[in-house]
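Asker: Fold the following for me, if possible:
(4 chains)
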Number of protein chains: 2
Amino acid sequence: MWTRRCGCRQTSRVRYDIQESQQGLIAVTSSLRKPSARASIAEYLAEAIFAGRYQPGDFVPRELDLCERFAINRSAVRSDLRQLVDAGIIERISGHGSKVREYAEWHILDPQVTEWMSRYAAPNPEIQREILAFRLDVEPYVAMTAARRATARDLVAIEEAFEGLGQNLRNASCAEERRLHSECDVAFHVAIFKATHNIVWAQLSHILRPSIHLLVTMSNEHASDPEESLERHRQVMESIRMRRPKEAFLAAQAVLAGTAEALGLEPGASSLGRGFELP
Amino acid sequence: MWTRRCGCRQTSRVRYDIQESQQGLIAVTSSLRKPSARASIAEYLAEAIFAGRYQPGDFVPRELDLCERFAINRSAVRSDLRQLVDAGIIERISGHGSKVREYAEWHILDPQVTEWMSRYAAPNPEIQREILAFRLDVEPYVAMTAARRATARDLVAIEEAFEGLGQNLRNASCAEERRLHSECDVAFHVAIFKATHNIVWAQLSHILRPSIHLLVTMSNEHASDPEESLERHRQVMESIRMRRPKEAFLAAQAVLAGTAEALGLEPGASSLGRGFELP
DNA sequence: TATTCGCCATTTGTTCAACATATACTTTTG
DNA sequence: CAAAAGTATATGTTGAACAAATGGCGAATA
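Answerer: You can find the predicted model right below:
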């Protein structure tokens, strides 16, 4: 007779719910309420990997173990693992296991990956610094382009985000307020990328998310003048509205200057910015 | 009794091999030799979608149909469809079908997607033009950055690609030669992106593939002077070697100028290039 | 007549079972 | 001692059945 090794009975499901919460997992769905919305293994593993509990070269638990831990069948586990493979995060070696790939091989431009990065923030600081360096490179130019091409509709999006930025600025104490502020910050920059009316730039806006999120988190500690930051954002917005590309370039640089410092990156290291006499 | 609706016998498998080849599919593996390397449904659908046979809003065949056509089981089909979902190309609607998403929603920065784009080329020309516009925006700056940061090892990669570019330049008649030339062209530009030593830029190098591929295809018709193009590439390489950022910027612009014209994009439209007095 | 409710067909989502294949380690045998 | 054979363990593939979601059709109803 073949003894079951994967499928789990309802009893064991409850058992694992408890077991996992002791290990500090992300919230496992209250399985009794809505059994359809199953806990995503991809989500769990992404969190674990981004947090560094599994590092490049490590092997994540094998399929059958994940089946047990999450009281789920193998097909579902494999489906979720597939997502990590498509994201370039893990590599499946037949007959051996699933290995975490090197950071450089991750598809960090994939929206799903950037979402994980912002959600489970502070992945390895190295990638964060790379992304911020990239932002320092391109954002001034993106703002400049937006100043040339932005339509009225684009301005609406930018302005709405800016308004939200101002409203959620005051009481940065509560967590919810901070989250909203972060959202608006992201929305503001994304709206500018979209205003370039180029599909590549627009998609690149996704990679801002993690670094902006990290920045908002850090700015709580360093606590630079929020009023000043808001004013700098306003400068960017106004320059775009007035169709003044050069001013937009400078204003965007100013916005990033402070944030770069907070992360220990000097603005002068910008690869695109140097070598030019600014207009 | 439950009648089988998905799984197919070996007989039906042969049947579909023939049927599909009549429709001009990509080569279906000679199923008798190596049954392990199964025909990828993802590959087939990607080709069909990129070729425009399924357009945004259309529904691709349902799972069971794909099972039949490719003589494969449903799990495999679902696994492959998952890949297209992760690429943002299709959207699965429970109980309805799998719909092709709008071009703007595709994850065109995903390496897998860019590979499909270059392989099955000529997706919608719109995206191609967007990508080239993006290249016009950033490549000069990337070359400039590379000129500052390139190591000796980076130069080796750049030079090797350049050598291959020269060797496969002469007889552009045969398809294999053209393919090699295209490969080297990609390798050359990718090496420069890598030389920036920024993970984001390095990954962005993937999006070169489709536009370079298209360019090589078109250059067969327009037939601009290949010697001249090679010389321009050499200029970029030398500028990077000599650590002359400004020259690298200009040389890269020159390389792209001709290619832009071939695609009906004026270099002056570059969003990053304008507004500055070049050094 | 128009509208809403509920049934039904279709299609994707989940689960379970069994076997095939690839890889690493171990044991056997020359 | 080394090469070959075998074994343990993991992922890969296949097949079957059921569950859930969606859309459309039709009947009951205001």
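
Asker: what about residue A:57, neighbour count?
Answerer: 9 (other C-beta atoms under 10 Å in any protein chain shown). Quick note: C-beta positions are derived from backbone N, CA and C, even for glycine.

Asker: Mind giving me the packing neighbours of the helix or strand where residue A:177 lies?
Answerer: Element membership for residue A:177, per DSSP states H and E: helix A:175-194. Identification of packing neighbours for helix A:175-194 by 3 or more C-beta pairs under 8 Å, 6 or more residues apart in numbering or on different chains; DSSP states H and E yields helix A:125-149, helix A:152-167, helix A:199-204, helix A:208-222, helix A:226-241.

Asker: so can I have JSON lines of those showing mean neighbour count, mean pLDDT and distance to DNA strand D?
Answerer: Converted to JSON lines, the helices and strands packed on helix A:175-194 look like this (neighbours: other C-beta atoms under 10 Å in any protein chain shown; pLDDT from 0 to 100; distance: least, C-beta to the nearest atom of the strand, whole Å):
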{"stretch": "helix A:125-149", "mean neighbour count": "23", "mean pLDDT": "87", "distance to DNA strand D": "25"}
{"stretch": "helix A:152-167", "mean neighbour count": "16", "mean pLDDT": "93", "distance to DNA strand D": "28"}
{"stretch": "helix A:199-204", "mean neighbour count": "22", "mean pLDDT": "88", "distance to DNA strand D": "26"}
{"stretch": "helix A:208-222", "mean neighbour count": "19", "mean pLDDT": "75", "distance to DNA strand D": "27"}
{"stretch": "helix A:226-241", "mean neighbour count": "18", "mean pLDDT": "91", "distance to DNA strand D": "38"}
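
Asker: Which among those is found nearest to residue A:58?
Answerer: helix A:125-149 (17.1 Å; C-beta to C-beta).

Asker: on contacts alone, who are the packing partners of the closest one?
Answerer: helix A:175-194, helix A:199-204, helix A:208-222, helix A:226-241, helix A:245-262, helix B:125-149, helix B:199-204.

Asker: Can you classify the residue most central in space within chain A by secondary structure?
Answerer: Nearest to the mean C-alpha position of chain A, by C-alpha atoms, centre = their mean, lies residue A:118 at 2.6 Å. The assignment at residue A:118 comes out as helix when based on DSSP: H, G, I helix; E, B strand; the rest coil.

Asker: wait, isn't it in contact with residue A:213?
Answerer: Yes: if you go by C-beta atoms under 8 Å, residue A:118 and residue A:213 touch, sitting 4.4 Å apart.

Asker: Name the SS class of the residue of the stretch 1-150 of chain A found nearest DNA strand C, please.
Answerer: Residue nearest to DNA strand C within the stretch 1-150 of chain A: residue A:95 (2.3 Å; C-beta to the nearest atom of the strand). Assigned by three-state DSSP, the conformation of residue A:95 is coil.

Asker: show me what contacts it?
Answerer: Not one residue lies near residue A:95 by C-beta atoms under 8 Å, 6 or more residues apart in numbering or on different chains.

Asker: Backbone dihedrals for whatever residue of the stretch 101-250 of chain A ends up closest to DNA strand D, please?
Answerer: Residue nearest to DNA strand D within the stretch 101-250 of chain A: residue A:101 (13.9 Å; C-beta to the nearest atom of the strand). The phi and psi values for residue A:101, taken as degrees, to the nearest 10, are phi -80, psi 170.

Asker: one step back: for the helix holding residue A:177, what is the distance to the chain centroid?
Answerer: Centroid displacement of helix A:175-194 relative to its chain, using C-alpha atoms, centre = their mean, to the nearest Å, is 12 Å.

Asker: Just the buried positions in that helix, please.
Answerer: A:178, A:181-194 (16 or more other C-beta atoms under 10 Å in any protein chain shown).

Asker: Just the C-alpha atoms of that helix, please, in CSV.
Answerer: What follows is helix A:175-194 as a C-alpha-only set of coordinates in CSV (Å, rounded to 0.1, in the frame of the first residue of the first chain):
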residue,chain,number,x,y,z
ALA,A,175,1.6,54.2,11.0
GLU,A,176,-1.4,54.6,8.8
GLU,A,177,-0.5,58.2,8.0
ARG,A,178,3.0,57.2,7.2
ARG,A,179,1.8,54.5,4.8
LEU,A,180,-0.4,57.0,3.0
HIS,A,181,2.4,59.4,2.8
SER,A,182,4.6,56.8,1.2
GLU,A,183,1.8,55.9,-1.2
CYS,A,184,1.5,59.4,-2.4
ASP,A,185,5.2,59.8,-2.7
VAL,A,186,5.3,56.8,-5.0
ALA,A,187,2.3,58.1,-6.9
PHE,A,188,3.9,61.4,-7.4
HIS,A,189,7.0,60.0,-9.0
VAL,A,190,5.2,57.4,-10.9
ALA,A,191,2.9,60.1,-12.4
ILE,A,192,6.0,61.9,-13.6
PHE,A,193,7.4,58.8,-15.2
LYS,A,194,4.0,58.2,-16.9
